[in-house]
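Trainee: Give me a 3D structure for the following:
(one chain, ligands or ions: 2)
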Amino acid sequence: MITKNISEGEYLDKLQRIYEQQKRIKLRPPLTLVCSCGTVFWMSNMYKCLYCKEYFCAKCAEAHFGKTVEQWRKENPSPINGNS
Ligand SMILES: [Zn+2]
Ligand SMILES: [Zn+2]
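Mentor: Numbers count the residues shown, from 1 in each chain. Ligands and ions are numbered 1, 2, ... in the order given. Okay, the predicted model is just below:
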């Protein structure tokens, strides 16, 4: 075992740094995904299904979830659902 003069505090700081880096690397999402319609979309523009965990584009999400956004807004009138 190498007995380099590194204090316990320095060692813990390093562990913390590595831990944070690994966390960031794991969290980095894929940039694009292919939808079931065959089109590539930015992941941030897609919608993940709660049940099957597949990501869908807006059009496919409406079909998958069985309702268009327009229909849902009509059924759920609320200031936060207003057209913006
Ligand atoms: Zn699609
Ligand atoms: Zn689903």
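Trainee: Check which residues of the longest helix along the chain are buried.
Mentor: Counting residues, the longest helix in the chain under DSSP state H turns out to be helix 8-27. Buried positions in helix 8-27, judged by neighbour count with 16 or more other C-beta atoms under 10 Å: none. Glycine gets a C-beta too; all of them are placed from N, C-alpha and C.
Trainee: Next: stretch 64-71.
Mentor: Counting neighbours by 16+ other C-beta under 10 Å, one finds that the buried residues in stretch 64-71 are H64.
Trainee: How about that stretch and ligand 1, touching?
Mentor: No. Residues of stretch 64-71 contacting ligand 1 under C-beta under 5 Å from the ion: none, with a closest distance of 9.0 Å.
Trainee: And the contacts of the longest helix of the chain?
Mentor: Contacting residues not belonging to helix 8-27 are not present [C-beta atoms under 8 Å, 6 or more residues apart in numbering].
Trainee: could you point out which element follows it?
Mentor: Of the helices and strands lying after helix 8-27 in sequence (DSSP states H and E), the nearest is strand 32-34.
Trainee: And stretch 35-44, what's buried?
Mentor: Those would be 35, 41, for stretch 35-44 by 16+ other C-beta under 10 Å.
Trainee: got a list of contacts for that stretch?
Mentor: Residues lying outside stretch 35-44 but in contact with it, judged by C-beta under 8 Å, 6+ apart, are 29-34, 46, 54-57, 59-60.
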